[in-house]
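S.K.: Next come a sequence and a model predicted from it.
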Amino acid sequence: MRTRTIGNRQVGAVGLGAMPMSVAGHMPDEDQSIRTLLAALEAGVTLIDTADAYTPSHDDVGHNERLVARALARWGGDADTVLVATKGGHTRTPGGGWSVNGDPSYLKEACERSLKALGVESIGLYQHHRPDPKVPYAETMGALKDLHDAGKIQMAGISNADPEQIRLAHDILGERLVSVQNEYSPRFRSSEPEIDVCAELGLAFLPWSPLGGIGRTGELSRRDAFTEIAEARGVSPQRVCLAWELARSPVVIPIPGASRPETIVDSVGAADLELSEEELARLG
């Protein structure tokens, strides 16, 4: 598998977004989730993305993080080769809702909970999940800086950030900041400016929902160019989609969600699928 860089770490060019394993209404049973995570690791995935808010209910914060930790404990490989990225600052509310909390004290508390959920002394990549309009962004970034300098996290990232916020975070965090995670897919291309800023600053760009989001991956089959190229190549439209994203910039590392072993194994194949200039032009 081709590799890409996040800070000082080399990771496979395709990671795994573990969110679908913990979202009410979509989540599989724990055995299937563990098998999916193990299949990803065996296929060469070395980046797993999770978050404290990936949970079926507000009273089970850290559900997905604990699931990832259990899978790594069962894996026969070297867990130190796997970069686990988690996030804090996006919260769950009763009834299945979502909110945000960018207060520095809250983010530090959330990081402590994630450390316990993952069973580690320091988190490989800790990301601020979503900006809080009630808290100055610089103050939230200051909390990430404090967490890094205290050794609680090894690298810092941000998510759902616009170009101005990326630059502000970079000014405050310097080399501590290594990644940006925003939505990006054939149906959602408005993060193009953020990709360009990441390339300029040397930051990894981790597209979330790179296949269109939970329940939307089938839409790729209705996009003629993706389907036609997939059929010609003898691969799935999803694999073509991820290869298209990898071709967008060397800083892009897609993190497709998966809840079945065969799904992530297919996605990983995109790391070795090189699309021609003609194919890329057709995909737009």
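M.R.: Now that the structure is in, tell me what you want to look at.

S.K.: The lengthiest helix in the chain: which residues count as buried?
M.R.: Taking DSSP state H as the criterion, the chain has its longest helix at helix 104-118. Residues of helix 104-118 classed as buried by neighbour count (16 or more other C-beta atoms under 10 Å): 104, 106-108, 110-111, 114-115, 117-118. Yep, even glycine has a C-beta here, placed from its N, CA and C like the rest.

S.K.: pLDDT for those - can I get that in TSV?
M.R.: Below are those laid out as TSV (pLDDT from 0 to 100):
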residue	pLDDT
Pro104	98
Tyr106	98
Leu107	98
Lys108	98
Ala110	98
Cys111	98
Ser114	98
Leu115	98
Ala117	98
Leu118	98
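
S.K.: circling back to that earlier point, which other helices and strands does the longest helix of the chain contact?
M.R.: In terms of contacts (3 or more C-beta pairs under 8 Å, 6 or more residues apart in numbering; DSSP states H and E), helix 104-118 is packed against helix 63-74, strand 83-88, strand 125-128, helix 137-149.

S.K.: For the third one, which outside residues touch it?
M.R.: With contacts defined as C-beta atoms under 8 Å, 6 or more residues apart in numbering, strand 125-128 is touched by 6-7, 83-89, 102, 107, 111, 114, 140-141, 144, 147, 152-159, 178-179, 181.

S.K.: and it, average pLDDT?
M.R.: On average, the pLDDT along strand 125-128 is 98.

S.K.: again, but for the longest one
M.R.: In this model, helix 137-149 has an average pLDDT of 98.

S.K.: chain center to it, what's the gap?
M.R.: Computed by C-alpha atoms, centre = their mean, to the nearest Å, the chain-centroid distance of helix 137-149 equals 20 Å.

S.K.: can you pull the buried residues of it?
M.R.: Buried residues in helix 137-149, counted by 16+ other C-beta under 10 Å: 137, 140-141, 143-145, 147-148.

S.K.: and the angle from that helix to helix 104-118?
M.R.: Angle of helix 137-149 versus helix 104-118, following axes from the mean of the first three to the mean of the last three C-alpha atoms, to 10 degrees, is 40 degrees.
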